[in-house]
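Asker: generate a structure from the sequence data that follows.
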Amino acid sequence: MSCVLIDVNKLKEINDAYGHQKGDEILKKLGQLILRNCRESDILVRWGGDEFLLLLPETGEEQARNLMKRIIGQSGEVTFSYGVVNGANYNSITEAVAAADKKLYSAKSRTLFSGKKVRG
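Answerer: Numbers count the residues shown, from 1 in each chain. Predicted structure coming up:
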């Protein structure tokens, strides 16, 4: 199983500049986009204010990254960062999510400072 933690880039700035309604629209668009690309067995949950957790049973890290690349290609105005780990490498889902979170924030800092649209 792969574990993917996804975070909308600059949501606070969007909320501050355009209002929380615009931020909510972006979160809904991203959630719908992810769901359209998922299988019935995949699990997507809103994890935090601007984060989603995606659990992909019977999916390796490379397959998960390919899924995220496909979603990036369809994302339009919504930009996000993500971290992917293979859950089999951890003793619990809590450890896997923590590792995905570290990868997410590493990717997010590279994204925000590089000027690139999205990194994973």
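
Asker: which one's the longest helix in the chain?
Answerer: In the chain, ranked by residue count with DSSP state H as the criterion, the top helix is helix 93-114.

Asker: got the buried residues for the worst-scoring helix or strand of the chain on mean pLDDT?
Answerer: One helix or strand of the chain scores below all others by mean pLDDT, DSSP states H and E: helix 93-114, with a mean of 87. Counting neighbours by 16 or more other C-beta atoms under 10 Å, one finds that the buried residues in helix 93-114 are 96-97, 99-101, 103-104, 107-108, 111. All C-beta atoms are positioned from the backbone trio N, CA, C, and that covers glycine.

Asker: so where's this structure shaky on pLDDT?
Answerer: Low-confidence segments of the chain (pLDDT under 70): 111-120.

Asker: all helices in it, in order from the N-terminus.
Answerer: Using DSSP H, helices in the chain cover 11-18, 20-36, 61-73, 93-114.

Asker: ok, and for the second one, which residues are buried?
Answerer: Neighbour counts over helix 20-36 (16+ other C-beta under 10 Å) mark 23, 26-27, 30, 33-34 as buried.

Asker: could you save the residues you listed as CSV and add columns showing distance to residue 5?
Answerer: As requested, those are arranged in CSV below (distance: C-beta to C-beta, whole Å):
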residue, distance to residue 5
23, 19
26, 17
27, 15
30, 13
33, 16
34, 12
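
Asker: from those residues, pick the one nearest residue 68.
Answerer: Nearest to residue 68 among the buried residues of helix 20-36 is residue 34, at 9.1 Å by C-beta to C-beta.

Asker: residue 55 is in contact with the closest one, correct?
Answerer: No. If you go by C-beta atoms under 8 Å, residue 34 and residue 55 don't touch, sitting 11.8 Å apart.

Asker: got any residues that touch both of these two?
Answerer: residue 44 (C-beta atoms under 8 Å, 6 or more residues apart in numbering).

Asker: relative to residue 15, how far out is residue 24?
Answerer: Noted for residue 24: a distance of 9 Å to residue 15, by C-beta to C-beta, to the nearest Å.
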